[in-house]
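**Student:** Below is the structure, and that's it, no one-letter string:
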DNA sequence: GCCTGTTATGTGATAATATAACAATTGACA
DNA sequence: TGTCAATTGTTATATTATCACATAACAGGC
């Protein structure tokens, strides 16, 4: 089951939120034999610090400051690993990355990006994906992956406006 | 009304297809007072040459070869103009641009990108958009724009595989 | 243990994509 | 025809991403 309400746009205990995801990831990594090396885990933690998408170079700066390698491939490789294994998502619209909030489930996420506060929420996208599948089927397209990214105002910023 | 079947993945008279879009654009431009200057029109024509997405620098090379300016802003500005007025779309996944095949109608396109032959089809995305709207509404998000991009195999390449 | 193939990391260099800033030109139209 | 706004041209630079190759860590067989 997926959360009906993504936490991003709501007050919540973010430490809990983070720990929850990390715990899921640890379990999942040992189940699947993924190697959560120091860089990779640290990158995920960095992404998890806020419900924002982070550019590779922003991540890289953090890594470099902490004694990891300081060249772009260090960040890109870790990010690629996370994305590849469903532990993070790439938000194309922002040329940035966000942690996956549901690493085990919900593998058809839709992203809602607030253009004011830059918060990014990962919402269940099954219905969207269903519609997309149907549209693809209608034209004989064999759909593998999709990215669905919406831009607009989050509840808080919408109210403020 | 939107085409039920996008032409991209099917045999068709591409000259007709191109002329059709250009004619619509001309009409629309004069209706709305858009200035289809030489660069802009040429860029649109270049995009229309195939049902592929084209990078800004690829467009730029073509422009430069034809005597237009040879610097990136020349291409980016024309592309931005086209996108802004709904005459082209930006395919974030590819860092590239595709002509709009329905410049007047269908303003919730979903894109289907073939990972083998690189053809890009613009399919009606009303249903997808509807589902996305609903998902957004459920979390109180005021949706402004969205990009929906699917990657997979077009009918031809799927059959070949 | 220790060799060995594989996977991961570090580093330098560079490619590809995109924008800022400002000058020169063109077009609209009073 | 003068003037303002929009467009184009050009230089420079910012931002994002990858290549290529060396070094290090790890896993499994022996």
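**Tutor:** That came through, no problem. These numbers come from a predicted model, not from an experiment.
**Student:** Check the secondary structure at residue A:24 for me.
**Tutor:** Following DSSP: H, G, I helix; E, B strand; the rest coil, residue A:24 is assigned to helix.
**Student:** Which residue is the nearest non-sequential neighbour of it?
**Tutor:** residue A:103 (5.2 Å; C-beta to C-beta, 6 or more residues apart in numbering or on different chains). Using the backbone N, CA and C atoms, a C-beta is placed for each residue, glycine as well.
**Student:** surely that neighbour meets residue A:26?
**Tutor:** No: with contacts counted by C-beta atoms under 8 Å, residue A:103 stays clear of residue A:26, the gap being 10.1 Å.
**Student:** can you pull the buried residues of the lengthiest strand in chain A?
**Tutor:** When chain A is parsed with DSSP state E, its longest strand is strand A:142-153. By 16 or more other C-beta atoms under 10 Å in any protein chain shown, the buried positions in strand A:142-153 come out as A:142, A:143, A:146, A:147, A:148, A:149, A:150, A:151, A:152, A:153.
**Student:** is DNA strand D contacted by it?
**Tutor:** No: figure legend: strand A:142-153 not in contact with DNA strand D (C-beta under 7 Å from any atom of the strand); closest approach 12.5 Å.
**Student:** Quick one: low-confidence residue ranges for chain A.
**Tutor:** Applying pLDDT under 70 to chain A flags the ranges A:1-4.
**Student:** how about a cut-off of 80?
**Tutor:** Applying pLDDT under 80 to chain A flags the ranges A:1-5, A:106.
**Student:** How many neighbouring residues does residue A:94 have?
**Tutor:** Using other C-beta atoms under 10 Å in any protein chain shown, residue A:94 has 19 neighbouring residues.
**Student:** Am I right that residue A:18 is in a helix?
**Tutor:** Yes: per three-state DSSP, residue A:18 lies within a helix segment.
**Student:** so the residue nearest to residue A:24 is in which element?
**Tutor:** Following DSSP states H and E, there is no helix or strand that holds residue A:103.
**Student:** what residues does the helix or strand where residue A:97 lies touch?
**Tutor:** Assigned by DSSP H and E, residue A:97 falls within strand A:96-99. The contact list for strand A:96-99, computed with C-beta atoms under 8 Å, 6 or more residues apart in numbering or on different chains, reads A:21, A:44, A:47-48, A:51-56, A:59, A:79, A:82-83, A:87-91, A:111, A:120, A:122.
**Student:** would you list every one of the helices in chain A?
**Tutor:** Under the criterion DSSP state H, chain A carries helices at the ranges A:14-32, A:38-48, A:56-65, A:72-84, A:126-138, A:155-160.
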